[in-house]
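In: Please work out how this folds:
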Amino acid sequence: MKDENRDIDLWSQIKEGDVLAYHKLYDRYIDMLFTFGMQYTNDDALVQDAIHDIFVDLHRYRNTISLDVVVKSYLFKSLQNNIFKKLKSQTKIVSLDILAEGNYKTESAEDDLIISETAFTRNAGLAFALSSLTKKQRYALHLRFSEDLSYEEISSTLEISLESCRTLIYRSLRELRGKL
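Out: Residues are numbered from 1 along each chain as shown. Okay, here's the model as predicted:
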């Protein structure tokens, strides 16, 4: 109850335009919001952008925000919505890239919708499956597939043996396949 009162005080100060209140609210929730956001995607830059968008919007619309909110719930729900919007827009970009390359020809707008929904569902499933991996597993997969590092470079980065590195990546992929 004490935390809720503190949040309500910060919220009302934000409504009045108090910049220090923004900083306090941000500092209070940034770690929790980041951890929460990483449950939906392993893209930490996307999560950070989504969090920052919440606080930018909070500043932009401070005059119209309601004082009758549960601040923590508002922030978490806003983050979830922002992440889904960003993931959906990325999916549309991927679908449009496929169409632009001529790899897929559509007959109608319905086909386009089916493509984008399928890609979104696939990406959301992958994001969910990735979130179930440990941080070390996600990091190893990121180094292997996003950074295109060799097993030797990954083992050096993670400070584990080469065989442990191969096993870590193999088990991570096997776990992903099982969840997908």
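
In: So what's the gap between the helix or strand where Phe55 lies and the chain middle?
Out: Mapping Phe55 onto the secondary structure by DSSP states H and E places it in helix 44-60. In terms of CA atoms, centre = their mean, to the nearest Å, the gap separating the centre of helix 44-60 from the centre of its chain is 11 Å.

In: what do you get for stretch 34-41?
Out: The chain centroid and the centroid of stretch 34-41 are separated by 5 Å, computed with CA atoms, centre = their mean.

In: For the residue nearest to Glu175 when sequence neighbours are not counted, give me phi and psi.
Out: The spatially closest residue to Glu175, leaving aside those adjacent along the chain, is Leu133, at 6.4 Å (CB to CB, 6 or more residues apart in numbering). (C-beta placed from N, C-alpha, C; glycine too.) The phi/psi pair for Leu133 (degrees, to the nearest 10) reads phi -80, psi 160.

In: Could you report the separation of Leu133 from Glu159?
Out: Taking CB to CB, to the nearest Å as the criterion, Leu133 is separated from Glu159 by 19 Å.

In: Ala129: helix or strand, and which one exactly?
Out: Following DSSP H and E, the helix or strand that holds Ala129 is helix 109-131.

In: so what secondary structure elements neighbour that helix?
Out: Helix 109-131 makes packing contacts with helix 71-101, helix 162-179 when contacts are defined by 3 or more CB pairs under 8 Å, 6 or more residues apart in numbering; DSSP states H and E.

In: how about those, which one is nearest Leu10?
Out: Comparing these by their distance to Leu10 (CB to CB), the top pick is helix 71-101, with 7.3 Å.

In: before we move on, the earlier item: just want to know which of Leu133 and Glu159 has more residues nearby.
Out: Leu133 (19 against 8; other CB atoms under 10 Å).

In: Which of the helices and strands packed on helix 109-131 sits closest to Arg144?
Out: Arg144 lies closest, by CB to CB, to one member of the helices and strands packed on helix 109-131: helix 162-179, at 5.6 Å.

In: quick one: the closest one to helix 109-131, angle?
Out: Taking axes from the mean of the first three to the mean of the last three CA atoms, to 10 degrees, one finds helix 162-179 and helix 109-131 inclined to each other by 140 degrees.

In: what does the average pLDDT come to for helix 162-179?
Out: Per-residue pLDDT values over helix 162-179 give a mean of 90.

In: Alpha carbons only: can I get it in CSV?
Out: C-alpha atoms of helix 162-179 as CSV (Å, rounded to 0.1, in the frame of the first residue of the first chain):
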residue,chain,number,x,y,z
LEU,A,162,34.7,-25.4,-26.7
GLU,A,163,32.8,-28.6,-26.0
SER,A,164,30.6,-26.9,-23.4
CYS,A,165,29.9,-24.1,-25.9
ARG,A,166,28.8,-26.6,-28.6
THR,A,167,26.7,-28.5,-26.1
LEU,A,168,25.1,-25.2,-24.8
ILE,A,169,24.1,-24.2,-28.4
TYR,A,170,22.9,-27.7,-29.3
ARG,A,171,20.7,-28.0,-26.2
SER,A,172,19.4,-24.5,-26.7
LEU,A,173,18.3,-25.3,-30.3
ARG,A,174,16.9,-28.6,-29.2
GLU,A,175,14.8,-26.9,-26.5
LEU,A,176,13.6,-24.3,-29.1
ARG,A,177,12.6,-27.0,-31.5
GLY,A,178,10.7,-28.8,-28.8
LYS,A,179,8.7,-25.6,-27.9
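
In: This completes my enquiry, with thanks.
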